[in-house]
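Trainee: Next come a sequence and a model predicted from it.
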Amino acid sequence: MKLTAKLLTAAALLTASATAMAHSGHAEGGFTSGLLHPMLGLDHLLAMAAIGFWSVRQSKHMKNATPAFVIGGMILGATLAWGGLTLPGVETGITFSVLVAGILIATLAKLPTAVGGTLVGAFMLFHGFAHGAEMPAGATLAAYLAGFSIATLAITCAGRGLGSLMLNADSRFSRGVGGVLAVAGAYLAAA
């Protein structure tokens with residue numbers, strides 16, 4: 001199968017999940033709920049995959065540190081929610097993360113590690129807050145945290161894998177993926 005066909009298939013599968021937005025009912029239980037939350041929400045799925053995709057073109061240090069920035073922001077956000085604090089604009093921050101990540105990919109932007117890491121951490125702070133705030137009653141905190149951490153890393157790594165496949169391809173493909181993500185982020189923000 002040609003690279004273009006593989007990429008189109010992957011994009012179709014990602015957009016097919018649009019009917020399953022996060023922030024609704026999840027299976028009861030800590031680990032399973034945590035694992036499913038990032039995978040069942042198009043906003044979470046796209047943002048995490050996009051950050052992984054974008055990280056491939058960054059400096060070696062930023063590329064290697066991206067998973068730590070992602071998990072660090074997620075855990076900090078969840079901890080804020082579990083601590084009873086409020087974070088205004090959570091849904092806006094989540095959809096904005098998809099939009100901006102798409103723009104970063106479309107423009108092939110390279111950011112210094114301090115700037116890129118701060119941006120990724122801030123994006124994931126919103127995602128983590130949503131995950132923490134929506135932990136099912138009776139779920140074990142450690143199991144839920146483990147579940148959404150594993151899912152988050154898996155989605156980010158899948159994005160990195162796709163980004164690596166496209167690294168040596170014509171940059172128009174990456175720009176196109178970024179454009180689609182930016183449009184998806186704008187659509188989610190308007191919905």
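Mentor: Great, that's in hand.

Trainee: Tell me the first helix or strand C-terminal of the longest helix along the chain.
Mentor: Identified as the longest helix of the chain according to DSSP state H is helix 141-167. The element immediately downstream of helix 141-167 (helix or strand, assigned by DSSP states H and E) is helix 171-190.

Trainee: Does anything pack onto that following helix? Which helices or strands?
Mentor: helix 3-16, helix 42-55, helix 90-106, helix 141-167 (3 or more CB pairs under 8 Å, 6 or more residues apart in numbering; DSSP states H and E). For the C-beta atoms, the positions are set from N, CA and C on the backbone; glycine is no exception.

Trainee: hang on, the earlier thing: report the angle between the longest helix of the chain and helix 90-106.
Mentor: 20 degrees (axes from the mean of the first three to the mean of the last three CA atoms, to 10 degrees).

Trainee: shaky segments in the chain?
Mentor: Across the chain, the ranges flagged by pLDDT under 70 are 1-29.

Trainee: Skipping adjacent residues, who's closest to the spatially most central residue of it in space?
Mentor: Nearest to the mean C-alpha position of the chain, by CA atoms, centre = their mean, lies residue 48 at 1.6 Å. Excluding the flanking residues, the one nearest residue 48 by CB to CB, 6 or more residues apart in numbering is residue 155, at 4.0 Å.

Trainee: For residue 43, see how far away that neighbour is.
Mentor: Remark: distance between residue 155 and residue 43 (CB to CB, to the nearest Å) = 12 Å.

Trainee: Who has more neighbours out of those two?
Mentor: Higher neighbour count among residue 155 and residue 43: residue 43, with 25 against 22, using other CB atoms under 10 Å.

Trainee: The residue nearest to the centre of the chain against residue 148, yeah?
Mentor: No - with contact defined as CB atoms under 8 Å, residue 48 does not count as touching residue 148 (10.5 Å).

Trainee: any common contacting residues for those two?
Mentor: Here residue 48 and residue 148 have residue 38 as joint contacts, going by CB atoms under 8 Å, 6 or more residues apart in numbering.

Trainee: Out of the helices and strands packed on helix 171-190, which one sits most buried?
Mentor: Counting by mean count of other CB atoms under 10 Å, helix 42-55 has the highest mean neighbour count of those, with a mean of 28.

Trainee: The nearest residue to residue 59 once chain neighbours are set aside: how many residues sit nearby?
Mentor: Once flanking residues are discounted, residue 59 sits nearest to residue 113: 6.2 Å by CB to CB, 6+ apart. Counted with other CB under 10 Å, residues neighbouring residue 113 total 17.

Trainee: And the one 3 residues further on, by the same measure?
Mentor: Counted by other CB under 10 Å, the residues lying close to residue 116 total 24.

Trainee: contacting residues around the residue nearest to residue 50 when sequence neighbours are not counted?
Mentor: Among residues not flanking residue 50 along the chain, residue 101 sits closest, at 3.6 Å (CB to CB, 6+ apart). Contact partners of residue 101, counting by CB under 8 Å, 6+ apart, are 46, 47, 50, 51, 53, 54, 123, 181, 185.
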